[in-house]
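Q: build me a model from this:
(one chain, ligands or ions: 7)
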Amino acid sequence: MFPMGSSSWVGIALFFLAFTASCFATEVTYDARSLIINGERRVIFSGAVHYPRSTVQMWPDIIQKAKDGGLDAIESYVFWDRHEPVRREYDFSGNLDFIKFFQIIQEAGLYAILRIGPYVCAEWNFGGFPLWLHNMPGIELRTDNPIYKNEMQIFTTKIVNMAKEAKLFASQGGPIILAQIENEYGNIMTDYGEAGKTYIKWCAQMALAQNIGVPWIMCQQHDAPQPMINTCNGHYCDSFQPNNPKSPKMFTENWIGWFQKWGERVPHRSAEDSAFSVARFFQNGGILNNYYMYHGGTNFGRTAGGPYMTTSYEYDAPLDEYGNLNQPKWGHLKQLHAAIKLGEKIITNGTRTDKDFGNEVTLTTYTHTNGERFCFLSNTNDSKDANVDLQQDGNYFLPAWSVTILDGCNKEVFNTAKVNSQTSIMVKKSDDASNKLTWAWIPEKKKDTMHGKGNFKVNQLLEQKELTFDVSDYLWYMTSVDINDTSIWSNATLRVNTRGHTLRAYVNGRHVGYKFSQWGGNFTYEKYVSLKKGLNVITLLSATVGLPNYGAKFDKIKTGIAGGPVQLIGNNNETIDLSTNLWSYKIGLNGEKKRLYDPQPRIGVSWRTNSPYPIGRSLTWYKADFVAPSGNDPVVVDLLGLGKGEAWVNGQSIGRYWTSWITATNGCSDTCDYRGKYVPAQKCNTNCGNPSQRWYHVPRSFLKNDKNTLVLFEEIGGNPQNVSFQTVITGTICAQVQEGALLELSCQGGKTISQIQFSSFGNPTGNCGSFKKGTWEATDGQSVVEAACVGRNSCGFMVTKEAFGVAIGPMNVDERVARLAVQATC
Ligand SMILES: *[C@@H]1O[C@H](CO)[C@@H](O)[C@H](O)[C@H]1NC(C)=O
Ligand SMILES: *[C@@H]1O[C@H](CO)[C@@H](O)[C@H](O)[C@H]1NC(C)=O
Ligand SMILES: *[C@@H]1O[C@H](CO)[C@@H](O)[C@H](O)[C@H]1NC(C)=O
Ligand SMILES: *[C@@H]1O[C@H](CO)[C@@H](O)[C@H](O)[C@H]1NC(C)=O
Ligand SMILES: *[C@@H]1O[C@H](CO)[C@@H](O)[C@H](O)[C@H]1NC(C)=O
Ligand SMILES: *[C@@H]1O[C@H](CO)[C@@H](O)[C@H](O)[C@H]1NC(C)=O
Ligand SMILES: *[C@@H]1O[C@H](CO)[C@@H](O)[C@H](O)[C@H]1NC(C)=O
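A: Numbering: from 1, shown residues only. Ligands and ions are numbered 1, 2, ... in the order given. Reported below is the predicted structural model:
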């Protein structure tokens with residue numbers, strides 16, 4: 001028997017918990033030179049990982065890979081629209097369990113940055129605002145409006161209290177070292193006039209009153225009320241200075257790549273330029289860099305922002321959409337982090353001096369009181385390489401648009417333009433067993449809408465999201481018109497002015513046509529229609545494709561046919577304006593209401609299996625069972641052949657698709673000149689002339705071992721003939737390593753290096769996939785690498801002349817500097 005009553009045990013346990021929490025409380029303070037964590041000056045590398053953009057099952061691996069990549073912290077926004085989809089009805093289940101996400105971060109030994117917003121932008125639907133909020137009478141979002149401020153405070157307080165209860169703030173022993181209120185408000189503040197200034201002061205006070213025990217930040221807020229620390233977002237933030245000279249210089253969003261919209265090419269930002277931006281920031285006194293994104297992930301369901309954000313939110317982040325290492329970016333940044341960390345104590349303490357060498361070459365020296373030095377040598381000229389003579393500290397070759405990090409100011413430990421990390425070329429692999437799909441189909445039932453029957457009527461053309469609360473992309477607008485004189489109206493023009501994003505029209509149940517906005521805004525739809533004598537029914541289907549997420553008053557951007565006008569123009573320009581007709585409305589599709597995406601059989605729903613599935617038919621549901629590809633590699637579904645719609649696996653939405661939208665054929669190149677300021681869309685694009693997104697992520701946790709069900713809702717017409725499930729694997733891996741640096745090769749997902757396809761130590765030329773031997777090479781080039789790597793998951797060694805058995809003695813000029821190029825398969 002226990003000697004003590006159970007209540008005493010609880011008492012002791014509670015005491016122990018309280019004790020351990022306070023015992024490990026972390027003190028976070030700061031001054032102009034750094035964050036000071038438990039008395040220690042720190043430089044912090046952090047990365048954005050948005051918990052709803054992956055699955056709970058993916059979180060530990062993503063966080064571990066972030067840690068392995070040299071990060072100290074993980075950052076995430078909080079997504080109000082997901083957590084409070086209906087006012088005062090909260091959801092923190094599944095991948096919305098942000099507490100669990102932050103606990104996993106803590107378990108991994110990392111810090112966290114909590115960006116509450118609660119406006120988040122993030123290329124997320126409506127910037128993270130729930131629609132009920134927008135639809136509240138009298139509300140004005142993001143300004144000095146009592147209704148809005150009240151809701152913002154209630155949500156913020158809820159999130160803070162949940163974090164406090166879980167002891168997530170550093171002050172409680174948790175991982176969160178910084179928290180953010182609002183988001184990039186300074187960018188658009190002037191549009192809100194004086195009310196904007198009052199609002200941002202209120203935000204600061206409201207946040208401070210939350211009493212979280214760690215500093216608050218406001219990004220892009222040049223007039224941040226003290227003690228809020230203003231921070232910088234952008235592709236480069238080296239010239240940024242916080243408004244308070246006592247605030248540390250922090251880069252809350254280093255845009256490591258860029259987002260993609262439907263119809264756009266896939267953007268990339270080079271590893272070299274990404275590293276350049278980070279190194280320049282630390283050279284100029286920065287102390288915290290947060291990558292936006294470190295893992296971009298997937299916009300599942302209808303969470304993609306707009307207009308027109310793609311389902312993939314890969315962002316060219318160091319971890320790809322599926323959580324694989326995006327190489328060489330991941331590895332190059334890892335080496336950069338390690339190099340900068342060598343100078344952590346000196347950068348955050350020492351005095352800084354800059355020496356100008358002309359033509360945009362600058363040496364920045366940090367000197368500690370104990371005399372230790374740490375240097376950044378930068379060449380910001382975008383075309384001219386430099387050779388810099390630092391006298392007793394050495395001679396350095398400094399490529400254009402690069403920064404060299406000099407440990408002790410005399411030893412090159414890293415150059416942003418010299419990439420030694422491996423390149424991984426990911427490929428999609430088909431698994432024949434899962435690729436024989438048999439399709440069942442069912443048309444979207446339109447009997448009601450073709451007859452103008454909706455759920456309610458009003459003499460007005462209503463704004464779409466205010467009516468739908470965004471529970472669906474689709475809204476039917478229906479009206480009828482009584483025609484007397486067919487000589488005027490037998491061949492009339494139907495003209496619809498819509499605010500977007502797509503429009504489909506029917507007259508008397510006959511399909512008239514379809515049009516979508518090229519850029520996601522308003523457009524006019526015009527088409528000849530034949531009207532009959534008597535009553536004619538006009539049916540319009542409007543669809544949104546992600547609500548706007550950015551810009552001053554973006555929440556007021558209208559969607560749908562809002563106000564129209566909708567007109568019929570007959571002979572002699574006789575015009576009937578239907579805008580104030582009696583309009584009937586129906587929100588969403590019948591198939592959505594019947595949950596056709598759900599694999600459970602539904603009453604009154606019979607999928608057609610005995611007739612061939614239709615091709616090119618709009619508003620059609622398709623269903624197929626499939627066997628998941630075996631193994632653990634990430635799974636994608638290839639939707640080539642389909643048009644536009646949404647896809648579900650086992651009832652869970654994997655997002656919208658728009659496979660038929662082909663990107664421009666120009667503006668891509670095989671090579672990417674990293675030099676010069678990165679501007680999205682202007683360089684380093686890929687995927688020209690292809691569907692902007694062809695493959696869609698199916699997280700492993702959505703899949704079952706035996707039977708799985710894929711359902712597609714096809715809006716504009718397509719052919720599912722070639723839909724197939726594939727896995728994403730590492731195909732070819734390559735590395736080009738300078739003599740004196742480390743060769744590291746690894747396959748992902750437990751695979752081993754099976755073959756060395758090319759290896760040359762000398763002066764090889766070309767790139768991954770097209771390496772060629774140079775004018776000289778070591779005879780052992782191939783065998784040395786084979787011996788070290790084949791059959792292993794990863795391998796590594798220092799690339800030296802000794803390792804390749806090259807005699808070190810008098811040699812030809814071009815043999816003085818050697819490098820190794822390797823191409824292998826996993
Ligand atoms: C820098 O380091 C010295 C010696 O370790 C210490 O006395 C001084 O307080 C530090 N300065 C700052 C700004 O932390
Ligand atoms: C870069 O160097 C070139 C060659 O010296 C020079 O002509 C050019 O003006 C420099 N660029 C900038 C932006 O200073
Ligand atoms: C057709 O005639 C009816 C009855 O006179 C009238 O109400 C209606 O407005 C007319 N339609 C048009 C398009 O003029
Ligand atoms: C309707 O009128 C337009 C313009 O006159 C003409 O091009 C079109 O062929 C006509 N359509 C029908 C069905 O008569
Ligand atoms: C779209 O809206 C803009 C701005 O409100 C307006 O200038 C333009 O004329 C509109 N275009 C169409 C096709 O309605
Ligand atoms: C109809 O209106 C358009 C534009 O308003 C004009 O260009 C056209 O000449 C008109 N046609 C007739 C027959 O009045
Ligand atoms: C399916 O693939 C076959 C073979 O590549 C091709 O001929 C056919 O056009 C494809 N069908 C569609 C709908 O893309």
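
Q: distance of the closest residue in space to Ala821 that isn't next to it in sequence relative to Leu745?
A: Distances taken as CB to CB, 6 or more residues apart in numbering place Pro764 nearest to Ala821, at 4.0 Å, with adjacent residues excluded. To be clear about C-beta, it is placed using only N, CA and C from the backbone, and glycine gets the same treatment. Here the criterion is CB to CB, to the nearest Å. By it, Pro764 lies 16 Å from Leu745.

Q: and whichever residue of the chain sits closest to ligand 1, what is it in contact with?
A: Residue nearest to ligand 1 within the chain: Asn349 (3.7 Å; CB to the nearest ligand atom). Counting by CB atoms under 8 Å, 6 or more residues apart in numbering, Asn349 makes contact with Arg33, Arg41, His368, Thr369.

Q: one more time with 10 Å, if that's ok
A: By CB atoms under 10 Å, 6 or more residues apart in numbering, the residues touching Asn349 are Arg33, Ser34, Arg41, Tyr366, Thr367, His368, Thr369, Asn370, Glu372.

Q: just Thr752 next, same as before
A: Applying CB under 10 Å, 6+ apart, the residues near Thr752 are Ser746, Cys789, Val790, Gly791, Arg792, Asn793, Ser794, Cys795, Cys826.

Q: these two touch, right, Ala386 and Ser402?
A: Yes: here Ala386 reaches Ser402: they are 9.2 Å apart, a contact under CB atoms under 10 Å.

Q: give me the common contacts of those two.
A: Leu377, Ser378, Asn379.

Q: just these now: which is nearest ligand 5?
A: Nearest member of the shared contacts of Ala386 and Ser402 to ligand 5, counting by CB to the nearest ligand atom, is Ser378, at 43.7 Å.

Q: excluding chain neighbours, what is closest to that closest one?
A: Val403 is the one closest to Ser378 (CB to CB, 6+ apart), at 4.4 Å.

Q: the stretch 551-700 of the chain: helices as residue ranges?
A: 590-593 (DSSP state H, counting those that start in this stretch).

Q: quick one: low-confidence parts of it?
A: Scanning the stretch 551-700 of the chain for pLDDT under 70 picks out nothing.

Q: please work out which residue of it is closest to ligand 2.
A: The minimum distance from the stretch 551-700 of the chain to ligand 2, using CB to the nearest ligand atom, falls at Gly676 (9.2 Å).

Q: quick one, phi/psi of the nearest residue to that residue once chain neighbours are set aside?
A: Once flanking residues are discounted, Gly676 sits nearest to Asp382: 3.9 Å by CB to CB, 6+ apart. The phi/psi pair for Asp382 (degrees, to the nearest 10) reads phi -90, psi 0.

Q: same question for Pro146.
A: Backbone torsions for Pro146, taken as degrees, to the nearest 10, come to phi -60, psi -30.

Q: circling back to that earlier point, more neighbours: Pro764 and Leu745, which one.
A: With neighbours defined as other CB atoms under 10 Å, Pro764 and Leu745 compare such that Leu745 has more, 27 against 22.

Q: follow-up on the earlier one: check contacts around the residue of the stretch 551-700 of the chain closest to ligand 2.
A: By CB under 10 Å, 6+ apart, the residues touching Gly676 are Asp273, Thr380, Asn381, Asp382, Ser383, Ala400, Trp401, Gln682, Lys683.

Q: pLDDT value on the fourth one, please?
A: What the model reports for Asp382 is a pLDDT of 97.

Q: can you count the residues close to it?
A: 13.

Q: which residues does it contact?
A: Asp382 touches Glu360, Ala400, Trp401, Asp673, Tyr674, Arg675, Gly676, Lys677, counting by CB under 10 Å, 6+ apart.

Q: which one of those residues is nearest Ile159?
A: Lys677 (36.5 Å; CB to CB).

Q: residues contacting the closest one?
A: Contacts of Lys677 (CB under 10 Å, 6+ apart): His235, Tyr236, Asp273, Ser277, Thr380, Asp382, Trp401, Lys683.

Q: same check, this time on Leu639
A: 645, 647, 654, 657-660, 691, 693-696, 710, 712, 714, 718, 720, 722-724.

Q: do the same with His134
A: Taking CB under 10 Å, 6+ apart as the test, what His134 contacts is Phe126, Leu141, Tyr148, Lys465, Glu466, Phe469, Asp470, Leu547, Asp555, Lys556.

Q: is it true that the second one touches Tyr119?
A: Which is Leu141. Yes: in this structure, Leu141 is within contact of Tyr119 by CB under 10 Å, at 7.5 Å.

Q: and the next element down the chain from the host helix or strand of Asn254?
A: Element membership of Asn254, judged by DSSP states H and E, is strand 249-255. Downstream of strand 249-255, the next assigned helix or strand under DSSP H and E is helix 271-283.

Q: and that next one with strand 249-255, angle?
A: Interaxial angle, helix 271-283 versus strand 249-255 (axes from the mean of the first three to the mean of the last three CA atoms, to 10 degrees): 170 degrees.

Q: can you list the domains in this structure?
A: 43-326, 346-411, 427-442+593-658+693-727, 445-588, 739-825 (automatic domain parsing).

Q: neighbours of the closest residue to Phe469 other than its chain neighbours, how many?
A: Distances taken as CB to CB, 6+ apart place Leu131 nearest to Phe469, at 4.5 Å, with adjacent residues excluded. Using other CB under 10 Å, Leu131 has 19 neighbouring residues.
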